[in-house]
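Participant: one predicted model, sequence on top.
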Amino acid sequence: MSQRPFTVLGVQQIALGSSDRRALRELWVDRLGFEPVSVYRSAAENVDEEILRVGLGLGQVEVDLMQPVDPAGRPVTHTPPLHHVGLWIDALRSAVVWLVTHGVRLAPGGIRRGATGHDVCFIHPKPSPWFPVSGNGVLIELVQAPPELVARHAAAARGD
């Protein structure tokens, strides 16, 4: 297998779904103290979410509390409750090309702007006959890392 032209730099987010995100908020904000950052609503993506964060600086992780705009609509954003995991990627476009040519099934929609302004795309949770490698039941969001995170990771790898 050819060498990957990208690196996973860390966990960017964890997205949790529910038919009513207020119950999630009671735990994650009111009890655990995660910091509310913003809300995002998209009928096209069938999501009404509150974006939280925990941690400091480049070690910060986003936690998205999601509920569907339309409970009967698609995509389904509240099932399963652990909806998806987001990974920081240093070179998203290179990653997508390499993954697809190596049999990884991506979800429809391609690379697009995500809720927090970063370019994103998704690895599909199920394989297909044409793309046999998948998230095996987990939707995985690939998120283009900001330049400062890419630079910091490269400097650490060099030992700077």
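Facilitator: Now that the structure is in, tell me what you want to look at.
Participant: name the single longest strand found in the protein.
Facilitator: For the chain, the strand with the greatest residue count under DSSP state E is strand 8-17.
Participant: which strands or helices does the helix or strand following that strand pack on?
Facilitator: Next along the chain after strand 8-17, taking DSSP states H and E as the criterion, comes helix 21-25. If you count contacts as 3 or more Cβ pairs under 8 Å, 6 or more residues apart in numbering; DSSP states H and E, helix 21-25 packs onto strand 47-54, strand 61-67. For glycine as for every other residue, the C-beta is placed from the backbone atoms N, C-alpha and C.
Participant: those strands: which one's closest to G110?
Facilitator: Proximity to G110 (Cβ to Cβ) singles out strand 47-54 among these, at 17.6 Å.
Participant: strands of the chain, start to end?
Facilitator: Secondary structure of the chain (DSSP E): strands located at 8-17, 35-42, 47-54, 61-67, 82-89, 112-113, 119-123, 139-144.
Participant: now these as a markdown table including mean pLDDT?
Facilitator: Below are those laid out as a markdown table (pLDDT from 0 to 100):
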| stretch | mean pLDDT |
| --- | --- |
| strand 8-17 | 91 |
| strand 35-42 | 96 |
| strand 47-54 | 94 |
| strand 61-67 | 93 |
| strand 82-89 | 89 |
| strand 112-113 | 96 |
| strand 119-123 | 96 |
| strand 139-144 | 93 |
